[in-house]
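Asker: Give me coordinates for this.
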Amino acid sequence: MISQHYKNFKVRDYMDNCDLENQISNSLIDCSLGTNPFIDKSIIQGCISKCSYEINKYPSIQYKLLKEELLKFWKEYLYENVTKDNIAFGAGTMGILRNISEFLIQKGTRVLGVAPQFPRFISEVELKKGIYEYYSLEKKNNYKFILKDFISNITDKYGLISIENPNNPTGQIIDISDIEEIVKKAKRYNINVIVDEAYGDYMKADNSAITLVGKYDNVMVLRSASKFYGLPNHRIGYMFADKELVKIYNKIALPFPFSDLSSSIFVEMLKNHNKLEYTKLKTIEIKKEIFKALKKENYIYTNVETPIFTVKTNQYRNLYKKLIEKGIITENCSYFINLDSSYARIRITQDYKKLINVLCDLL
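Answerer: Numbering: from 1, shown residues only. Here you go, the predicted structure:
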């Protein structure tokens with residue numbers, strides 16, 4: 001017999017079949033799912049041509065070469081005691097979140113998050129019959145994250161804290177000193193902290209919570225190859241965490257979350273990271289231009305370094321649908337706790353001039 005809980009279970013997500021069809025439509029400008037629109041495809045193609053893998057073998061469970069490259073990449077920011085045993089993998093950050101929920105969330109486990117925040121993890125909590133509670137980013141503060149307000153919510157009733165940096169959907173960046181304060185207070189109550197940095201490659205490296213791994217044993221930092229590196233099709237997610245947490249994680253995680261081909265491509269992309277730095281400058285340049293054109297009251301607090309932001313209006317009940325009518329596919333914010341359909345999350349695009357014209361016309 002299937003439990004009524006699972007029978008009636010609804011996934012909190014901002015994509016449905018209609019959205020996916022819209023996304024691949026040639027007539028729409030894609031400002032929806034987060035990936036890097038500015039990457040020169042020849043860089044990725046060059047990385048693919050250098051890859052070595054055996055197609056008739058299973059992938060390596062340990063992904064040894066990728067771990068070595070990640071340790072080299074983060075070497076300047078890692079504590080000396082951090083090794084390959086602090087690294088784990090999953091099918092994107094979403095895959096890692098599901099694996100974490102398998103051993104850290106049970107029926108009745110209380111999880112403290114932020115609203116708005118990536119809705120899919122809330123589904124994972126609810127699927128395990130946990131209780132998701134949240135600190136609301138306040139409209140009166142234009143949804144800016146306030147450390148003292150969040151940290152006052154941390155008590156021993158929670159078993160887990162989940163926070164994004166940068167935040168999705170606002171695109172705001174939380175300073176690493178604030179993240180450390182959260183981790184420190186959580187440590188007092190033996191609470192583990194997930195820091196989801198899916199968009200983290202747009203921040204400065206020293207603002208990553210990876211810098212806290214080895215100093216604290218209760219922090220798990222998630223990263224993705226999908227966003228900045230432009231490899232969403234390869235489903236590569238990695239995590240830095242305490243060695244004991246990684247050991248337990250590896251016991252419950254499914255093996256082979258991605259292929260050796262994908263792993264090898266990401267290794268080459270990490271080696272070529274400097275060739276992608278221009279996309280950060282492009283992101284800042286375009287985001288600044290967009291905000292010059294918009295009124296401040298029409299967008300939520302954000303940082304120019306990140307490629308996503310959220311716009312709002314009082315003129316339309318469903319801004320997402322209105323933008324589709326104008327040829328722009330975005331993310332429907334009605335799926336985010338604390339927002340509704342009068343908000344839309346936008347990822348910047350190469351065709352930003354049309355985006356600006358549409359936004360100025362509608363807002």
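Asker: Just give me the residue closest to the centre of this structure.
Answerer: Ala198 (2.9 Å; CA atoms, centre = their mean).
Asker: Am I right that that one is in contact with Val221?
Answerer: No. Counting by CB atoms under 8 Å, Ala198 does not reach Val221; the two are 10.9 Å apart. Placement of C-beta: from N, CA and C, glycine included.
Asker: give me the element Gly34 is part of.
Answerer: Under DSSP states H and E, no helix or strand contains Gly34.
Asker: repeat for Thr310
Answerer: Going by DSSP H and E, Thr310 is in strand 308-312.
Asker: What's the first helix or strand after that strand?
Answerer: Later in the chain than strand 308-312, the nearest helix or strand by DSSP H and E is helix 319-325.
Asker: residues of that next one that come out buried?
Answerer: Buried positions in helix 319-325, judged by neighbour count with 16 or more other CB atoms under 10 Å: Leu319, Tyr320, Lys322, Leu323, Ile324.
Asker: ok, residues contacting that helix?
Answerer: If you take CB atoms under 8 Å, 6 or more residues apart in numbering as the criterion, helix 319-325 is touched by 22, 28, 311-313, 316, 329-334, 341-344, 358, 362.
Asker: picking up where we left off before, closest one of the buried residues of helix 319-325 to Asp40?
Answerer: For those, the residue nearest Asp40 by CB to CB is Leu323; the value is 27.9 Å.
Asker: Just the pLDDT at the closest one, thanks.
Answerer: You'll see Leu323 listed with a pLDDT of 94.
Asker: Distance check, it against Val358.
Answerer: 7 Å (CB to CB, to the nearest Å).
Asker: Can you give me the end-to-end span of stretch 28-42?
Answerer: 24 Å (CA to CA, to the nearest Å).
Asker: hang on, I meant stretch 179-196
Answerer: 11 Å.
Asker: what number of residues lie near Ser136?
Answerer: When neighbours are defined as other CB atoms under 10 Å, Ser136 has 13 of them.
Asker: ok, now which ones touch it?
Answerer: So, once contact is read as CB under 8 Å, 6+ apart, Ser136 ends up touching Ala115, Asn338.
Asker: Check Phe256 too.
Answerer: Counting by CB under 8 Å, 6+ apart, Phe256 makes contact with Tyr58, Pro59, Ile61.
Asker: Okay, and the first one sits in which element?
Answerer: Take DSSP H and E as the rule and Tyr58 turns out to sit in neither a helix nor a strand.
Asker: What ranges does the stretch 51-200 of the chain have for its helices?
Answerer: 64-73, 92-104, 119-127, 147-151, 176-188 (DSSP state H, counting those that start in this stretch).
Asker: Can you say which of these is nearest to Asn36?
Answerer: Short answer: helix 92-104, nearest of the helices of the stretch 51-200 of the chain by CB to CB, at 15.1 Å.
Asker: and the angle from the closest one to helix 119-127?
Answerer: Counting by axes from the mean of the first three to the mean of the last three CA atoms, to 10 degrees, helix 92-104 lies at 20 degrees to helix 119-127.
Asker: Residues contacting helix 92-104, please?
Answerer: Outside helix 92-104, the residues that reach it (CB under 8 Å, 6+ apart) are 88-90, 120-121, 124-125, 127-128, 130, 159-160, 192, 194, 196, 198, 220, 222-224, 226, 232, 235-239, 248-249, 252-254, 257.
Asker: Could you do stretch 202-213 as well?
Answerer: Contacts with stretch 202-213, where a contact means CB under 8 Å, 6+ apart, come from 74, 76-79, 82, 86, 165-166, 173, 175-176, 179-180, 183, 195, 197, 200, 219, 221, 223, 227-228, 240-242, 280, 283, 305-307.
Asker: avg pLDDT for that stretch?
Answerer: For stretch 202-213, the mean per-residue pLDDT is 98.
Asker: Give the buried residues for that stretch.
Answerer: Buried residues in stretch 202-213, counted by 16+ other CB under 10 Å: Tyr202, Met203, Asn207, Ser208, Ala209, Ile210, Thr211, Leu212, Val213.
Asker: what's the closest of those to Leu294?
Answerer: Leu294 has its nearest neighbour among the buried residues of stretch 202-213 in Tyr202, at 20.0 Å by CB to CB.
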